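S.K.: Here is the input, now give the coordinates:
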Amino acid sequence: MSSVNVVLLPRLDRNDRHAAKMQNLFQNKKPLISLFTQDESTVTETNKGKFKIGLKDRNQSDVSEELRRAINDFLSESSSTFRLEDVSKCSDIRVDEEDDDDCSRGRAAAQQMMSLLKKKDLTEIKESFLPHQGKLWHQWSQKNKELHRPRADEIEMEISRKQMEMKKIRQQQDKSDISEFIKLFINEMNSHGGHEMLFFLNWLRILLDEHTSADLSALQHRYDEKWSTVFKLMKNHDKSEQLRAEQAELERISEDLQATSFGLEHIMREISQIYESCSSVKKNKEDLQIDFSSLPSLAAEMMISGFPLELMDGDAAHVPVIWISAVLDQLIHRLGDQRVFVLSVLGIRGSGKSTMLNAMFGLQFAVSDGRTTRGAFMQLIRVSDEMKTQMNFNYILVVDTEGLNAVELAGRSTRHHDNELATFFVGLGNLTLINIFGENPSEMQDILQIVVQAFMRMKKVRLNTSCVFVHQNISDVTAGEKNMERRRRLQETLDETTKLAAEEEVYDAECFSDVIRFDVQNDVKYFAQFWEGKPSMAPPNPNYCENIQDLKKTIMSQASISDGMRLTHFKDHIEDLWEALLKE
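M.R.: This is a model prediction of the structure:
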């Protein structure tokens, strides 16, 4: 099944017991590269598509280069490919999917949904299949913010007009047809439970990623290159026509990325807006085969099964509070009013937040190209019976947030937006991980300013949270003296940033410990680089794994002295915090 065969052997001897196998490989049309340990020759073509390379007394680097070049030449001419799952057809390997009925049914259902997407251009999928989100939901979100932030001279009539406009938008949403794609999804989720539902969701996620990954990777690469160009021009305080042109191009790529990105989170976002529009007009949609009030139970079931749920829509920069409250009500109905320890994480875009959480807790936050976290997602982790003896809660609720201090894909990054995000997610968490990537002082200063202000706001409303700083991508984490110096510099930067933030927030504080309980020795972690060498062929760094384990112990230690919060308290907390932020 391979595209190229490579054989390593001492010499080509007709009397060798493997001579028949070699003869078959040599006669086969597939490209063949023979590596001879007792031969000193460089790469030599012995026949069409057949090469030999000698290894004896030769430099490994030279041989590797010759081998790589030969394989590349073959692959550039060959169209022979195969799917890994097809290996079972010509081997004794047993593939679970073929024997598991739940898996087969789940896959068939996911493939049926995917068949609806095949004829559509990726940039048109959302508009065609997800009409309840997009422009209408974005307009409603904007009007809602305007309503909560009235101008000083705004009269009651203007406020009433905005309320009417919001109601009309909800009515327009309600008039939108539910696509066959979403109908099929709701039907599958309602028809099956347990393992079959899990297989269906996992297969759908895999197939959606497969369907969009090539286009997303190419767009993400273009976006990153263009962002680097814009960033350099901005850093040089360039205000030329070139900067405006580059920013306009960045915005276009950003819109394409937004339109092309399509995953389970967008399906659930559509369902959330169907629910919110039905709640607003207080009636069921004609083309909805079930009562809209049962939709939140689908999301609650997904959370219990270990899937993340979108807490904040990153495209609209808004929390769908009606939907989130309904889902949490269903979660409480299913699990009881459990105690949860809320762990949130903040950091700049692409700093490895999601990778860190996935490695630490075995989660499923998206980390592939083009799937950078937008908005925020929450995922429920059940505490084992063994750990419950040390904790005052039954679940950990992990909140993964979008990156701060970066040009957003919707082209709307501002300091105010970052402050809004940081305040909301610092306020939600019992513990916040502050993720810093590399040792660039300016990037560090920017994120620290945002974070310190968020902690000050929490202090003002008497919310006590704690934090741990995670400094990633440090080359020599084992150097004790260097780490001491890094901690000293971080403490100085935090204290200096606190003084600056205190002026802006009109708050009395001289150092960071005036704002939050913080121990620079124990609450700062230095992480090794994730890869041991240069990606993509480099293996993960074992030191990174050790750092993850050390951080996890620190989190568990802090969690053991916390009471966490009840799910009902968490639900009310989301509503109160978001309401307060809307008024700012």
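S.K.: Which residue ranges of the protein form strands?
M.R.: In the chain, the segments counted as strands under DSSP state E are 5-9, 32-36, 44-47, 50-54, 309-312, 339-347, 376-382, 395-401, 431-437, 466-472, 524-526, 565-566.
S.K.: which secondary structure elements does the third one contact?
M.R.: The one in question is strand 44-47. With contacts taken as 3 or more Cβ pairs under 8 Å, 6 or more residues apart in numbering; DSSP states H and E, strand 44-47 sits against strand 50-54. C-beta here means a position set from N, CA and C on the backbone, and glycine is covered the same way.
S.K.: neighbouring contacts of the strand it packs on?
M.R.: Outside of strand 50-54, the residues within contact range by Cβ atoms under 8 Å, 6 or more residues apart in numbering are 26, 31-36, 38-46, 63, 66-67, 70.
S.K.: With only the CA atoms kept, save that strand in CSV.
M.R.: Listed in CSV are the C-alpha atoms of strand 50-54, where the atom choice follows Å, rounded to 0.1, in the frame of the first residue of the first chain:
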residue,chain,number,x,y,z
LYS,A,50,15.0,1.8,-8.5
PHE,A,51,17.8,3.4,-6.5
LYS,A,52,20.6,2.1,-4.3
ILE,A,53,22.5,4.0,-1.6
GLY,A,54,25.6,2.8,0.2
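S.K.: from here on, count from 279
M.R.: Let's use 279 as the start, then, which means that last one is strand 328-332.
S.K.: Return the list of strands paired to that strand, each annotated with direction.
M.R.: strand 310-314 (parallel), strand 322-325 (antiparallel) (DSSP bridges).
S.K.: Just the pLDDT at residue 692, thanks.
M.R.: Residue 692 is assigned 63 on the pLDDT scale.
S.K.: should've said residue 649
M.R.: For residue 649, pLDDT reads 48.
S.K.: Equivalent analysis for residue 517, please.
M.R.: At residue 517 the predicted local confidence, pLDDT, stands at 71.
S.K.: now do residue 330
M.R.: Reported pLDDT for residue 330: 86.
S.K.: try residue 814
M.R.: 65.
S.K.: Next up, the contacts around the nearest residue to residue 511 once chain neighbours are set aside.
M.R.: Of all residues beyond its chain neighbours, the one nearest residue 511 is residue 521 (4.5 Å), with distances taken as Cβ to Cβ, 6 or more residues apart in numbering. Contact partners of residue 521, counting by Cβ under 8 Å, 6+ apart, are 508, 511-512.
S.K.: which among those end up buried?
M.R.: 508, 511 (16 or more other Cβ atoms under 10 Å).
S.K.: Output the contacts of residue 521 in a markdown table, with distance to residue 785 and pLDDT appended to each entry.
M.R.: Converted to a markdown table, the contacts of residue 521 look like this (distance: Cβ to Cβ, whole Å; pLDDT from 0 to 100):
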| residue | distance to residue 785 | pLDDT |
| --- | --- | --- |
| 508 | 34 | 83 |
| 511 | 35 | 81 |
| 512 | 30 | 77 |
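S.K.: per-residue pLDDT, residue 607?
M.R.: So residue 607 comes in at 97 (pLDDT).
S.K.: so how far is residue 554 from it?
M.R.: In this view, residue 607 and residue 554 are 14 Å apart by Cβ to Cβ, to the nearest Å.
S.K.: between those two, which one's more packed in?
M.R.: Neighbour count, other Cβ atoms under 10 Å: between residue 607 and residue 554, residue 554 has more, with 22 against 16.
S.K.: Just checking the distance from stretch 354-368 to the centre of its chain.
M.R.: 30 Å (Cα atoms, centre = their mean, to the nearest Å).
S.K.: contacts for it?
M.R.: For stretch 354-368, contacts defined as Cβ under 8 Å, 6+ apart pick out 279-282, 308-309, 371-373, 375-376.
S.K.: and which of those residues is nearest to residue 540?
M.R.: Proximity of these to residue 540, judged by Cβ to Cβ, is greatest for residue 375, which lies at 23.9 Å.
S.K.: Correct me if wrong: residue 707 contacts residue 743.
M.R.: Yes. At 5.9 Å, residue 707 counts as touching residue 743 under the criterion of Cβ atoms under 8 Å.
S.K.: Go through the strands of the chain and name the closest to residue 794.
M.R.: Minimum separation from residue 794 across the strands of the chain (Cβ to Cβ) falls at strand 744-750, 6.3 Å.
S.K.: Next, the angle from the closest one to strand 617-625.
M.R.: 40 degrees (axes from the mean of the first three to the mean of the last three Cα atoms, to 10 degrees).
S.K.: picking that back up, compare neighbour counts for residue 707 and residue 743 and give me the winner.
M.R.: Neighbour totals were compared for residue 707 and residue 743, and residue 707 leads with 23 against 20 (other Cβ under 10 Å).
S.K.: Please tell me the pLDDT value assigned to the more buried one.
M.R.: For residue 707, the pLDDT comes out at 87.
S.K.: one step back: which stretch among the strands paired with strand 328-332 is buried most, on average?
M.R.: Mean neighbour count (mean count of other Cβ atoms under 10 Å) peaks for strand 310-314 among the strands paired with strand 328-332, with a mean of 19.
S.K.: Quick check: which helices or strands does the helix or strand of the chain with the lowest mean pLDDT pack against?
M.R.: The helix or strand of the chain with the lowest confidence, counting by mean pLDDT, DSSP states H and E, is helix 374-377 at a mean of 72. Counting contacts by 3+ Cβ pairs under 8 Å, 6+ apart, helix 374-377 packs against helix 379-393.
S.K.: I'd like the mean pLDDT over the helix it packs on, please.
M.R.: pLDDT averaged over helix 379-393 gives 90.
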